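Q: Let's see this in three dimensions:
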Amino acid sequence: MSKKILAALIAVAAIGAIAYISMRATVQPKSGFRGGTIRVVAAENFYGNIAGQLGGDRVSVVSILNAPNVDPHEYEPDVQDGIAVAEANIVIKNGLQYDTWMDKLLSASPNPERIVINAGSVAPDLLPDNPHVWYGIGNISAIAKSITLALEKIEPAQRPFFEKNLAAFEGSLSEIRGKMDEIRSRYAGTPVALTETLYLYQTRPMGLNVLTPFVFEKAVAEGNDPPARSISLTDSLVSGRKVKVLICNSQTVTPVTTNLQNAARRNGIPVVAVSETMPPGSSYQAWMMDELNALERALALATGR
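A: Model prediction:
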């Protein structure tokens, strides 16, 4: 190799190193990591919120999906996301083909020491063709336990602290379970319509009678056009006032779902909005309770009891 070629290669390497250092200095993860803490990256903000509750001041958390106005299925990760994942000790993803972009980020920065929690693999109660496992309270309990085990693996000396936080989190879920039991005892069997599969993890244990064709819900959830027959049937449920409440995913808006909401309002059917991503400034528990309270009010209005 000639001296000129060697000098050129050294120069290129130096430029690349400077560029990398500059990028690290100027492009920081969305929330940043505090020194001396366990670094956690969550694909979705509700998992990040739960990790923060469980880890307390021993963790720094970066949640990639934060905004309810972003369609999780269409999200495109950026350089900041890649840096955060590369630096993480723990990564939490939903799996079940919901956040496949996270798999790309993980592949881009292989690290055998990094712990990856796949919520879909941990959740004990899976519904067919439905990746929204975090809406199942039993599922979220199991996922919280997996996060705690990961924290304990990294910092064994902090196990009593992590176990105490897990117990507090488990205790806080009792309010959600209680509200769901209350709705079930009062409104079980009430016919409702869904725009997609998201809320099935709650309507089923509450005993609400979902009349919407599953093929309609599944198509909307996957960003596809529902079959014409299923659209017609769903429209007739609303126009004929055969359902008491319409539950809509506020993050999946299409002409079909918009028309359905408009028809519901024209026919005096309450519309309840739910979301895939936790609203900013909330917590997992508050988010679930807010939606359940809204549903309870709508059911009371629609049924008169």
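Q: CA only for contacts and neighbour counts going forward, please
A: Fine.
Q: Sketch out the low-pLDDT regions of the stretch 151-300 of the chain for me.
A: Judged by pLDDT under 70, the stretch 151-300 of the chain has no weakly predicted residues.
Q: per-domain residue ranges of the chain.
A: Annotated domains of the chain cover 23-174, 187-303 [automatic domain parsing].
Q: okay, these in JSON lines with distance to Asp181 and mean neighbour count next?
A: Shown next, in JSON lines, are the domains of the chain (distance: least, CA to CA, whole Å; neighbours: other CA atoms under 10 Å):
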{"stretch": "domain 23-174", "distance to Asp181": "10", "mean neighbour count": "18"}
{"stretch": "domain 187-303", "distance to Asp181": "7", "mean neighbour count": "18"}
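Q: would you list these in TSV and tack on distance to Met180?
A: Shown next, in TSV, are the domains of the chain (distance: least, CA to CA, whole Å):
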stretch	distance to Met180
domain 23-174	10
domain 187-303	6
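Q: ok, then the element right after the longest helix anywhere in the chain?
A: If you go by DSSP state H, the chain has its longest helix at helix 159-187. For helix 159-187, the following helix or strand on the C-terminal side (DSSP states H and E) is strand 191-194.
Q: on contacts alone, who are the packing partners of the longest helix of the chain?
A: On a contact count with 3 or more CA pairs under 8 Å, 6 or more residues apart in numbering; DSSP states H and E, helix 159-187 meets helix 45-55, helix 137-154, helix 284-303.
Q: hmm, try it at 10 Å
A: helix 45-55, helix 137-154, helix 200-203, helix 284-303 (3 or more CA pairs under 10 Å, 6 or more residues apart in numbering; DSSP states H and E).
Q: Same list (these) but as a markdown table, adding distance to Ala88.
A: What follows is these, written out as a markdown table (distance: least, CA to CA, whole Å):
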| stretch | distance to Ala88 |
| --- | --- |
| helix 45-55 | 13 |
| helix 137-154 | 12 |
| helix 200-203 | 30 |
| helix 284-303 | 22 |
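Q: Let me know which of these is the nearest to His73.
A: Nearest to His73 among those is helix 45-55 (14.6 Å), distances taken as CA to CA.
Q: quick one: average confidence on the closest one?
A: Averaged over helix 45-55, pLDDT sits at 98.
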